[in-house]
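# After the sequence you'll find the predicted model.
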Amino acid sequence: QEIPISQAYSPPVGALSPGPPIVKVVLRQDLNKKILIALIASSTLLCVTVIFLLYLLLWRYRYMKNNFPGINPNHHPDSVRSSVATKPIVNKIDSVTKGTIPVYEYQLLESATNKFSESNVLSRGGRGCLYRACLDEKSSVTVKKLDGGGDTDTEKQFENEVDWLAKIKHQNIISMLGFCIYRQTRSIVYEMMQNGSLESQLHGPSQGSALTWQLRMKIAVDIARGLEYLHEHCHPPVVHRDLKSSNILLDSHFNAKISDFGYAAVLMTQRKNLKLNGTLGNRASEYIVDGKVADKNDVYSFGVILLELLLGKRWVEKPSTESVVTWVPKLSDRANLPNILDPAIKGSMDLKHLYQVAAVAVLCVQPEPSYRPLITDVLHSLIPLLPLDLGGSLRIL
Ligand SMILES: Nc1ncnc2c1ncn2[C@@H]1O[C@H](COP(=O)(O)OP(=O)(O)OP(=O)(O)O)[C@@H](O)[C@H]1O
């Protein structure tokens, strides 16, 4: 006969106590199961959270490494400060927010320039200094360090320059390699231009002796190519607004590149907040008087540089009796033109070429902007005067 399990295991009647122990056993088992489930669930959750956090850290590390190679995301205390201070201005610079331009860590620039030592200074300007820097063993670069102390004019020029140079890439426009914002200091890193500026070549110790007639024509064509790119191939077109010989840089092969985009602007839109200080001799009068932004302002400044290449003359810093205008009649006098040339190139060129270059220069500096040629026309009238091996179309037999 089968005995029900409950009876078979039931205790003696006298020993009966309230609440059968079987029920207790069942409850404890249940409880253990629940604890086990809770433990498994919480440890799974913990694992998922840890994996997610690790993934986030890895993603951030990769993002910083790809977009900001100079910044070490593994927290040097100063690099943290630098990136915090950088944030508002970085947001204003389009290309930075798009991650197309490297941001250098201040400490990196400091060690590359020997702590910004005097022996690394290449040039000293009103707003800061230009330093030679060695970022690696192979090559050197230049670092322009602006000590504006947060002054708004310097800040605007810095933003403007970084923004334009990040967008503009051309063989005749200086390459920006990156920039750095650290407390009140702003720095821009450029490619090294071994032969300095056109101004220092013409008016420095060598007094233009390194620049032959052909090299001068090459420099003129290079500048015109850079300007043509800004005026005709950028959308919207860009006007440089501060073209002068000190802003034309020469590399080791005397390839010329336009630099200093602190005042550059989109054609016909006026940037009222950018005060234009400095040299007036290179600026067209309509620009000095009413600040009209037009490509013909740059054509005027190009004409002034062309005259500087021909005559070796440094144009006046402030309006005075001797300006470009006073030289125009002398340039139109063909018989006397060879006598007023820079002594470094006198008698070294084909006279027909000289007349043509002088005529182009005169056209460019006309007071009426609409009479000045387009930079494309200027370029195409200079190319035939330049030998093939220097990038022109002149065949020397
Ligand atoms: N990348 C470079 N490589 C070599 N020399 C350079 C480079 N950039 C500038 N220079 C030299 O430093 C000089 C000053 O250049 P910089 O752009 O700092 O001028 P600046 O202080 O802005 O003056 P300004 O506003 O009057 O043009 C140039 O004229 C040139 O001789």
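Great, that's in hand.

# What sits closest to L379 if chain neighbours are left out?
A224 (4.1 Å; C-beta to C-beta, 6 or more residues apart in numbering). Any C-beta I mention is one placed from the backbone N, CA and C, and that applies to glycine too.

# Phi and psi next, for that neighbour.
phi -60, psi -40 (degrees, to the nearest 10).

# What ranges does the stretch 151-300 of the chain have for its helices?
Under the criterion DSSP state H, counting those that start in this stretch, the stretch 151-300 of the chain contains helices at 152-167, 198-203, 213-228, 285-290, 295-311.

# Mind checking these for the one nearest to the ligand?
Nearest to the ligand, of all those, is helix 198-203, at 5.0 Å by C-beta to the nearest ligand atom.

# and that closest one, what other elements does it pack with?
strand 248-250, helix 295-311 (3 or more C-beta pairs under 8 Å, 6 or more residues apart in numbering; DSSP states H and E).

# what's the weakest-modelled helix or strand in the chain?
helix 77-92 (a mean of 41; mean pLDDT, DSSP states H and E).

# Am I right that the residue nearest to L379 is in contact with D377?
No. A224 is beyond contact range of D377, at 9.7 Å (criterion: C-beta atoms under 8 Å).

# Looking at these two, which is more packed in?
A224 (26 against 15; other C-beta atoms under 10 Å).

# measure that one to L202 for me?
As judged by C-beta to C-beta, to the nearest Å, A224 and L202 stand 18 Å apart.

# Could you pull up the residues touching whichever residue of the stretch 201-350 of the chain sits closest to the ligand?
Residue nearest to the ligand within the stretch 201-350 of the chain (C-beta to the nearest ligand atom): S246, separated by 3.9 Å. The contact partners of S246, by C-beta atoms under 8 Å, 6 or more residues apart in numbering, come to S197, L198, E199, S200.

# could you dump the helices and strands packed on helix 198-203 to a markdown table with mean pLDDT?
A markdown table is the format used below for the helices and strands packed on helix 198-203 (pLDDT from 0 to 100):
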| stretch | mean pLDDT |
| --- | --- |
| strand 248-250 | 98 |
| helix 295-311 | 94 |
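
# As JSON lines, the ones you listed with distance to D136 and mean neighbour count would be great.
Listed next are those as JSON lines, based on distance: least, C-beta to C-beta, whole Å; neighbours: other C-beta atoms under 10 Å:
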{"stretch": "strand 248-250", "distance to D136": "21", "mean neighbour count": "25"}
{"stretch": "helix 295-311", "distance to D136": "34", "mean neighbour count": "25"}
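
# my guess is L382 contacts A220, does it?
Yes. Using C-beta under 8 Å, L382 is in contact with A220, at 5.7 Å.

# ok, L363 - contacts?
G303, Y371, R372, P373, V378.

# Was I right to think the first one contacts C364?
Yes. With contacts counted by C-beta under 8 Å, G303 reaches C364, the gap being 2.6 Å.

# shared neighbours of the two, anything?
Joint contacts of G303 and C364 (C-beta under 8 Å, 6+ apart) are R372.
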